[in-house]
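**Student:** when you get a sec, could you give me coordinates for this:
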Amino acid sequence: SYRLCTVFGIPIQLDLSLLVLLFLLVTNYGDPLYGLAAGVALLLSITLHELGHSLVAMAFGCRVRDITLMMMGGCASLLSMPRKAWQEFLMAAAGPAVSFVLAAAGLLAPSYLPALHGKLGAFVFYQIGWLNLLLFGFNLLPAFPMDGGRILRAFLQQFFMTRVKATWIASRIGRFVALLMALSVFFSWWTDKFEGFMMIRLLIAFYVYQSAEREYRLVLMEEGAARGNPFAGFPFFGASTRNTPPPDDGQAVVSPPPYARRGGATRVDVRKEE
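**Tutor:** Just a heads-up that it's a prediction; the model follows:
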């Protein structure tokens, strides 16, 4: 990846895989100028979406390493996470909220600003509006570890259960949604309606499926560390991943969750019975 700029102290990185998406946009619109305009609108939309997550996380005292823009979207790498469920809820909801505001602005601005009625200007704002509306709806799917899945986990943890069990439920829903996404791609291929962008959907489905299990396993590992078993979460050692919900005994609360990369620390608070 290559660094594009720094915003609010957060490096913005561009992954080379994004060139594939830009190529698909250019070929889809036919005119290279309109394809590049759509690509720039998408880059700005994803960047602002991830900045929404990052700035809310920083407001709660978290550290953001960078934001990476890639073919499958954007990723804000956090070195620490909010300690409380409601804080994680707000952080996860901030990205879709930014996308919703951009969607409203892009779709409504041409109606109120006559200067934007030009062909290219109207096209750019149209793309900003519909791309962000798509980002808003797609990210609210309850497919952990996407925004909707994190919102679901934070809600379950805040009101109903421990973080471990909430992560198990959210991760299983995430894997189910990923399977539906993959099946929709194969159905399109079977009915001769397959298009180039559907390969990106298939890659996103694979990413969601793998990441949901990986993050749940990390939560299990931290829970095992709190109980004196450092191998929990690995196959053949202690408590591996399971197909049934973990016991909701409230003994371990992972705080913050295990998203630290290249440094940073997580802590496990152990509840003691009074």
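**Student:** from now on I want contacts and neighbour counts done on CA atoms only, so please keep to that.
**Tutor:** Fine.
**Student:** Ala93 versus the nearest residue to Leu141 once chain neighbours are set aside, what's the distance?
**Tutor:** Distance criterion Cα to Cα, 6 or more residues apart in numbering; nearest residue to Leu141, sequence neighbours excluded, is Gly148 at 5.0 Å. According to Cα to Cα, to the nearest Å, Gly148 and Ala93 sit 8 Å apart.
**Student:** the more surrounded of those two?
**Tutor:** Gly148 (24 against 21; other Cα atoms under 10 Å).
**Student:** on the three-state scheme, the residue nearest to Leu141 is what?
**Tutor:** helix (DSSP: H, G, I helix; E, B strand; the rest coil).
**Student:** just checking, it touches Gly137?
**Tutor:** No. Checked against Cα atoms under 8 Å, the pair Gly148 and Gly137 is beyond contact range at 9.4 Å.
**Student:** just give me the neighbour total for Leu218.
**Tutor:** 19.
**Student:** please settle this for me: is it part of a helix?
**Tutor:** Yes. With three-state DSSP as the criterion, Leu218 is part of a helix.
**Student:** the spatially most central residue of the chain and Arg83, how far apart?
**Tutor:** What sits nearest the mean C-alpha location of the chain, by Cα atoms, centre = their mean, is Met146, with 3.7 Å. Distance of Met146 to Arg83, computed by Cα to Cα: 19 Å.
**Student:** likewise for Met91?
**Tutor:** For Met91, the distance to Arg83 - Cα to Cα - is 11 Å.
**Student:** okay, those two: which has more neighbours?
**Tutor:** Met91 (25 against 17).
**Student:** okay, helices next: where are they in this structure?
**Tutor:** Along the chain, counting by DSSP state H, helices occupy 18-29, 32-59, 85-112, 119-139, 147-159, 163-190, 197-226.
**Student:** which elements pack onto the longest one?
**Tutor:** Here helix 197-226 is seen to pack against helix 163-190, strand 252-254, strand 268-270 when contacts are counted using 3 or more Cα pairs under 8 Å, 6 or more residues apart in numbering; DSSP states H and E.
**Student:** dump the ones you listed into JSON lines; add mean pLDDT and mean neighbour count as well.
**Tutor:** Shown next, in JSON lines, are the helices and strands packed on helix 197-226 (pLDDT from 0 to 100; neighbours: other Cα atoms under 10 Å):
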{"stretch": "helix 163-190", "mean pLDDT": "88", "mean neighbour count": "20"}
{"stretch": "strand 252-254", "mean pLDDT": "40", "mean neighbour count": "20"}
{"stretch": "strand 268-270", "mean pLDDT": "44", "mean neighbour count": "15"}
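**Student:** tabulate those (a markdown table), appending distance to His53.
**Tutor:** As requested, the helices and strands packed on helix 197-226 are exported to a markdown table (distance: least, Cα to Cα, whole Å):
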| stretch | distance to His53 |
| --- | --- |
| helix 163-190 | 19 |
| strand 252-254 | 20 |
| strand 268-270 | 23 |
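**Student:** which one of those lies nearest to Leu202?
**Tutor:** Nearest to Leu202, of all those, is helix 163-190, at 5.4 Å by Cα to Cα.
**Student:** returning to what we had before: burial-wise, tell me which of the helices of the chain comes out on top.
**Tutor:** helix 147-159 (a mean of 22; mean count of other Cα atoms under 10 Å).
**Student:** what angle separates it from helix 197-226?
**Tutor:** 30 degrees (axes from the mean of the first three to the mean of the last three Cα atoms, to 10 degrees).
**Student:** which intervals of the stretch 151-274 of the chain have sub-threshold pLDDT?
**Tutor:** 194-197, 222-274 (pLDDT under 70).
**Student:** cutoff 80 now
**Tutor:** Applying pLDDT under 80 to the stretch 151-274 of the chain flags residues 192-200, 219-274.
**Student:** how near is Pro82 to Ile151?
**Tutor:** Taking Cα to Cα, one finds Pro82 at 13 Å from Ile151.
**Student:** sorry, back to before: my read: the residue nearest to the centre of the chain touches Phe136, true?
**Tutor:** No. Applying Cα under 8 Å as the test, Met146 and Phe136 come out as separate, 11.5 Å apart.
**Student:** cheers, nothing more for now.
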